[in-house]
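Asker: Everything below, folded, please.
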Amino acid sequence: MKNLALIFVLILSVSILSAQEKKSKKQLKAERKSQKIQLIKQIVDNKTFVFKAYSVIPKNEISKTLISDFGIEVRNDSIFSYLPYYGNTYSRDYSSFKDSPMGFAQLMESYKKVKTKSGFEVNIKVKNLNDVVDLVFHISKMGDATVVASSLSRQAITYTGEIFAPKSGE
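Answerer: Model prediction:
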């Protein structure tokens, strides 16, 4: 009888401990959200992130969904942009008519980060071959982002997408 009571107490204590260790879906979701917010803050602070564009909004035109893999990679002091450009240009480099003016790999002239109520605003200035491109990233705490690209020689254009941490090995 003593053994039966001891086994019952042991099973009851194990079940109580395991019930306390299990987290509800709400708690798990809150933890994942908190981890994502910390990751976004860390990658913006470290100047190492990838922006994947899902759509583009040329000035005075309707939004276009991007079906190919377009984006921007920011790595320490360099920026690698592989984005399409739709819009008017005010001066043109005719030697590279096949390339997008938003496709380049350059050193950053400046990187300024400002914490906002909803996330971050990151301003990056890049001196391209014949132009200076200003990129303004509006990044939410959860990683959704909008990038406004402007320059002196072409109309501004807006890209919407998401910010990610670069894959290890990149």
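
Asker: Run through the helices of the chain in chain order.
Answerer: 2-21, 25-45 (DSSP state H).

Asker: With respect to those helices, which exhibits the lowest mean confidence?
Answerer: Of all those, helix 2-21 carries the lowest average pLDDT, namely a mean of 59.

Asker: Report how many residues lie close to the closest residue to K112 other than its chain neighbours.
Answerer: Once flanking residues are discounted, K112 sits nearest to N123: 4.5 Å by Cβ to Cβ, 6 or more residues apart in numbering. (Each C-beta comes from the backbone N, C-alpha and C, glycine too.) Per other Cβ atoms under 10 Å, the neighbour tally for N123 reads 14.

Asker: Check what pLDDT N123 gets.
Answerer: The score at N123 is 96. That number is its pLDDT.

Asker: Am I right that it is in contact with V133?
Answerer: No - contact criterion Cβ atoms under 8 Å: N123 and V133 do not qualify, at 11.5 Å.

Asker: give the contact list for S151.
Answerer: The contact partners of S151, by Cβ atoms under 8 Å, 6 or more residues apart in numbering, come to 101, 128, 131-134.

Asker: For the buried ones among the residues you listed, write the corresponding PyMOL selection.
Answerer: To isolate the buried ones among these in PyMOL, judged by 16 or more other Cβ atoms under 10 Å, type:
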select buried, resi 101+128+131+133+134
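
Asker: Between the contacts of S151, which sits nearest Q35?
Answerer: Ranked by distance to Q35 (Cβ to Cβ), the contacts of S151 are led by D134 at 31.8 Å.

Asker: and the closest one, what are its bridge partners?
Answerer: Assessed by DSSP bridges, D134 has beta-bridge partners K125, S150.

Asker: Can you lay out the contacts of S151 as CSV showing distance to Y82?
Answerer: Listed next are these as CSV, based on distance: Cβ to Cβ, whole Å:
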residue, distance to Y82
P101, 12
N128, 13
D131, 17
V132, 19
V133, 14
D134, 18
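
Asker: could I get the contacts of S151 as a markdown table with pLDDT and distance to K112?
Answerer: Below are the contacts of S151 laid out as a markdown table (pLDDT from 0 to 100; distance: Cβ to Cβ, whole Å):
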| residue | pLDDT | distance to K112 |
| --- | --- | --- |
| P101 | 72 | 23 |
| N128 | 75 | 18 |
| D131 | 81 | 20 |
| V132 | 88 | 15 |
| V133 | 90 | 15 |
| D134 | 94 | 11 |
